[in-house]
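**Q** This is the structure alone, sequence omitted:
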């Protein structure tokens, strides 16, 4: 019986492996926001059907996503940190960078708004009010795209954020929102993750939005196939073409959560 | 490898090491205060429901830290029963979580080593007129190697766990960031060199703690 069981098991294993060989695999490193918002689950099946391929999504921070690309552990990266992306391409780690979509950041805080930020559209002035009031601000502090956007805003506001009111937690957006909510503190969040967390019951609300500097563009980069043998350049190019095609762009713009559009395409 | 070096020079790494040692050290001290008497009691007494209690302690010895973290989090959260303490995201919360983690380890190992002491010892002591308190003290002294091992196991579990401290501590830079949470952060940012340097420090700490025990055990034998 035991031998027969083993035979069946290996036959199943062989069948599974056989299937896996016929279907090609694209490895995509991206930020947590694209996965946590549910966008990838909504649009990727279309590509997988069209190209008989499986897309393996590794959702990490922008910093680690680019590291995975540099090491040749993935085929394409979809991230949001323009300066880091350009440096990545300039260093020869990636090729064929293209704009995909954008969403926006919002400054959020407790409903009571102790630093009286509400209604301030200028993100720099909003941060100045929080710092001036000495109220707690929770920072991602993890080298993510959101973290670098936040650092640029502080710089523009002329403030070096240090001191007991500034908490750098080195965690993902979801955890950071939880920590801010518990402490009735302020933080910078992408709108998609905030909406998802508000559905789960956190009490933070948007206090400042609409500043041009809060725009958050996403780019797709193919890992340089000349540097890494394992990169499937053909499939990566097909994916980039598909992601920037009119049909997929429409699907991205049409993706909603709680009745709100999360990602914007084209002229935005 | 220049960044790890810079961080060590500017002292950030040593703050993290000091907090790791402080939090886990305090947790083990508290676990000793609770776990050694509890283990001695479980090992020396016979009572109804003992098997259940022993099973509970053994289960606790292998309980996932992240679950302990979740329970402590819910306890200390603003909506939680003792949210007013304002302990969430402070070292106090981390000490509480690691104490909960270490108590079953100290209790369980103390219990088994007390049970391993020669059963003939107690009647002999009683015949000599020893009080209950003196008997417990003598048995614990006989079992000291095992008790020491329990404390080191508790310390090792506490300082190396990440699931609980990141939930209840929040990994706040300069305040609640410890070695394990710093390793998670650096790895997530792709700074593997720094993550490895921190991992090496953690390994050295664990090694030194165990070397100390081996040394002490050789001396008290």
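**A** Thanks, I have it. Just so it is clear, the structure is predicted and the values come from calculations on it, not from any experiment. Numbers count the residues shown, from 1 in each chain, chains lettered A, B, ... in the order given.
**Q** Skipping adjacent residues, who's closest to the closest residue to chain B within the stretch 51-200 of chain A in space?
**A** Nearest residue of the stretch 51-200 of chain A to chain B, counting by CB to the nearest CB: residue A:67, 2.9 Å away. In this view, the C-beta of every residue, glycine as well, is placed from N, C-alpha and C. Leaving aside its chain neighbours, residue A:67 sits nearest to residue B:190 (2.9 Å; criterion: CB to CB, 6 or more residues apart in numbering or on different chains).
**Q** In which helix or strand does the one you found reside?
**A** Assigned by DSSP states H and E, residue B:190 belongs to no helix or strand.
**Q** distance between the lengthiest helix in chain B and the chain's centre?
**A** Ranked by residue count under DSSP state H, the longest helix found in chain B is helix B:12-44. A distance of 5 Å separates the centroid of the chain from that of helix B:12-44, by CA atoms, centre = their mean, to the nearest Å.
**Q** quick one: the residue of chain B found nearest chain A and residue A:151, what's the gap?
**A** Taking CB to the nearest CB, chain A has its nearest neighbour within chain B at residue B:190, 2.9 Å off. Distance of residue B:190 to residue A:151, given as CB to CB, to the nearest Å: 17 Å.
**Q** What's the local residue count around residue A:206?
**A** Around residue A:206 there are 16 other residues, counting by other CB atoms under 10 Å in any protein chain shown.
**Q** Could you do residue A:28 as well?
**A** For residue A:28, using other CB under 10 Å, the count is 24.
**Q** what do you get for residue B:85?
**A** Neighbours of residue B:85 using other CB under 10 Å come to 14.
**Q** That one and residue B:76 touch, don't they?
**A** Yes. Checked against CB atoms under 8 Å, the pair residue B:85 and residue B:76 is within contact range at 6.6 Å.
**Q** Write out the residues of chain A neighbouring chain B.
**A** A:60-61, A:63-64, A:66-68, A:141-143, A:167-171, A:175, A:179, A:182-183 (CB under 8 Å from any CB of the partner chain).
**Q** what about chain B, any weak spots by pLDDT?
**A** B:1-10, B:221 (pLDDT under 70).
**Q** a helix runs through residue A:104, doesn't it?
**A** No. Applying DSSP: H, G, I helix; E, B strand; the rest coil, one finds residue A:104 to be strand, outside a helix.
**Q** Could you check the pLDDT of the closest residue to it other than its chain neighbours?
**A** Among residues not flanking residue A:104 along the chain, residue A:214 sits closest, at 5.1 Å (CB to CB, 6+ apart). Residue A:214 is assigned a predicted lDDT (pLDDT) of 94.
**Q** which residues does residue A:214 contact?
**A** Contact analysis of residue A:214 by CB atoms under 8 Å, 6 or more residues apart in numbering or on different chains lists A:104-107, A:123, A:149.
**Q** picking that back up, which of the residues of chain A next to chain B fall within strands?
**A** A:60, A:167-168 (DSSP state E).
**Q** Throw the residues you listed into CSV and include pLDDT and neighbour count, thanks.
**A** Compiled in CSV, those are given as follows (pLDDT from 0 to 100; neighbours: other CB atoms under 10 Å in any protein chain shown):
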residue, pLDDT, neighbour count
A:60, 84, 24
A:167, 96, 26
A:168, 96, 22
